[in-house]
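Enquirer: starting from these lines, generate the structure:
(3 chains)
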Amino acid sequence: MVYGEEFTIQTKGYSDIHDVTTTVSALVKKSGIADGIVTVSVIGSTASVSTTEFEPALNEDIKDQLERFAPSTMESRHSRTWGDDNGFSHIRATFMGPSMTIPISKGSLVLGTWQQIIVIDHDNRGRSRRVFIQVLGE
Amino acid sequence: MVYGEEFTIQTKGYSDIHDVTTTVSALVKKSGIADGIVTVSVIGSTASVSTTEFEPALNEDIKDQLERFAPSTMESRHSRTWGDDNGFSHIRATFMGPSMTIPISKGSLVLGTWQQIIVIDHDNRGRSRRVFIQVLGE
Amino acid sequence: MVYGEEFTIQTKGYSDIHDVTTTVSALVKKSGIADGIVTVSVIGSTASVSTTEFEPALNEDIKDQLERFAPSTMESRHSRTWGDDNGFSHIRATFMGPSMTIPISKGSLVLGTWQQIIVIDHDNRGRSRRVFIQVLGE
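Expert: Sure, this is the predicted structure:
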């Protein structure tokens, strides 16, 4: 069985972090699939999907780390060439990856108690960001 | 067909690297699925799954790199707020990601000869760490 | 339904970036699977799969970033031990990960307009690099 659905989140950019666990979990239940996997994929080349303990202090730590790794003020050929100033966003996104697959067992996502699914929007502006989830299993 | 199973490894923390290829491969064989995929997912927000050429010198190189990237002595808001001193562990885990999906073809994992599946425990203490594998295919 | 196939690309090494979207998309169509997922996996421990806006300026930015992150001139225990001088290649590959899973909906890959699937070969020489795609769905 396969069940796919898309949802949209409103982001602020600059590696704004969103907890999408509740939405993904609800769509998995809606799919009727009790055992299998869910692939969570953010559409576009300036955003990422991962997991974290979603809490404000750690969210700021992750943003600080991304700023050290690829500063939002960095020079980039992409920004110089296209004038859209988001070279850093692309670099962060390509390193972290746009999708993640999580097992589903007995109707629930296989995650730790303090482990949430997050979408990080690295772009240099707020966006309406599309997230696609594909559930496979039985 | 879907086949899921969990196993546990004893880790030392501080990005301790474990080769789980033999275990994953045995569970794939047990599943009876000859063609499909296996998702390997570590439960919790301070560990990662990836692949590497598993050998002691490279394992130390990877740990050194993680120490340069997000030092175990780094200041973090998460550590200050919660007093558990593992902000660096979370940052490493969120960057590397908690799960990985590998194809299965003709009963075998599609990996290179010198490519092993690893679980890295970034936490600041030894743990009993749960790993869930989900096999899909036919 | 499961459909697997392997293809090969000729790379130059040092994080040479290849757009494989057209090939993956053609194999997904060939599979006859309209809704599901495709796992794209590069075989070996010195290469990665991700997505990016594939254009020459950004490709150079990504290579620069990888060079800052783990320089091709870096000292590594792996290189000293084995004399093959590609410790940096392994480190880059383990951080970025060897595989990625992308949803398929209504016969098409779920990707943004400026989002291409890339294979990055981090090794310190040109290689004939095998890429395996596994399609699951209906």
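
Enquirer: give me the number of residues near A:Tyr71?
Expert: You called it Tyr, but residue A:71 is Pro. A count of nearby residues for A:Pro71, using other Cβ atoms under 10 Å in any protein chain shown, gives 10. (C-beta placed from N, C-alpha, C; glycine too.)

Enquirer: I meant to write A:Arg130 there.
Expert: The burial count assigned to A:Arg130 is 16, neighbours taken as other Cβ under 10 Å.

Enquirer: tell me if A:Gln65 really is in a helix.
Expert: Yes: in this structure, A:Gln65 lies within a helix as judged by DSSP: H, G, I helix; E, B strand; the rest coil.

Enquirer: chain B versus the nearest residue to A:Arg92 once chain neighbours are set aside, what's the distance?
Expert: Closest residue to A:Arg92 in three dimensions, ignoring its sequence neighbours and counting by Cβ to Cβ, 6 or more residues apart in numbering or on different chains: A:His122, at 4.3 Å. Going from A:His122 to chain B by Cβ to the nearest Cβ, to the nearest Å gives 13 Å.

Enquirer: could you do A:Ser72 as well?
Expert: 17 Å.

Enquirer: how far away is that residue from B:Ser72?
Expert: Shown here: A:Ser72 relative to B:Ser72, a distance of 26 Å by Cβ to Cβ, to the nearest Å.

Enquirer: can you give me the mean pLDDT across the helix or strand where A:Arg130 lies?
Expert: Assigned by DSSP states H and E, A:Arg130 belongs to strand A:127-137. Strand A:127-137 shows an average pLDDT of 98 in the prediction.

Enquirer: check which helices and strands it sits against.
Expert: Other helices and strands packing on strand A:127-137, by 3 or more Cβ pairs under 8 Å, 6 or more residues apart in numbering or on different chains; DSSP states H and E, are strand A:2-11, helix A:21-31, strand A:36-42, strand A:116-121, strand C:36-42, strand C:99-105.

Enquirer: before we move on, the earlier item: the residue nearest to A:Arg92 reaches A:Val49, doesn't it?
Expert: No: with contact defined as Cβ atoms under 8 Å, A:His122 and A:Val49 do not form a contacting pair (11.7 Å).

Enquirer: so which bits of chain A are right by chain C?
Expert: For chain A, the residues found near chain C under the criterion Cβ under 8 Å from any Cβ of the partner chain are A:1-2, A:4, A:39, A:41, A:43-45, A:69-70, A:76-78, A:80-82, A:87, A:90-91, A:93-95, A:97-99, A:101, A:132-134, A:136.

Enquirer: against which helices or strands is the helix or strand of chain A with the lowest mean pLDDT packed?
Expert: Of all the helices and strands that make up chain A, helix A:77-82 has the lowest average by mean pLDDT, DSSP states H and E, namely a mean of 93. Judged by 3+ Cβ pairs under 8 Å, 6+ apart, the packing partners of helix A:77-82 are helix A:87-96, helix C:56-69.

Enquirer: kindly recompute the last result at 6 Å.
Expert: helix C:56-69 (3 or more Cβ pairs under 6 Å, 6 or more residues apart in numbering or on different chains; DSSP states H and E).

Enquirer: the helix it packs on close to chain B?
Expert: No: in this structure, helix C:56-69 remains apart from chain B according to Cβ under 6 Å from any Cβ of the partner chain; the gap is never smaller than 7.8 Å.

Enquirer: then that helix to CSV, C-alphas only?
Expert: Only the C-alpha atoms of helix C:56-69 are listed here, as CSV (Å, rounded to 0.1, in the frame of the first residue of the first chain):
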residue,chain,number,x,y,z
PRO,C,56,28.2,25.7,-12.3
ALA,C,57,28.6,28.5,-9.8
LEU,C,58,26.8,26.7,-7.0
ASN,C,59,28.7,23.5,-7.8
GLU,C,60,32.0,25.4,-7.2
ASP,C,61,30.6,26.8,-3.9
ILE,C,62,29.8,23.3,-2.7
LYS,C,63,33.3,22.1,-3.5
ASP,C,64,34.8,25.2,-1.7
GLN,C,65,32.7,24.4,1.3
LEU,C,66,33.8,20.8,1.3
GLU,C,67,37.4,22.0,1.1
ARG,C,68,36.9,24.2,4.1
PHE,C,69,35.1,21.5,6.0
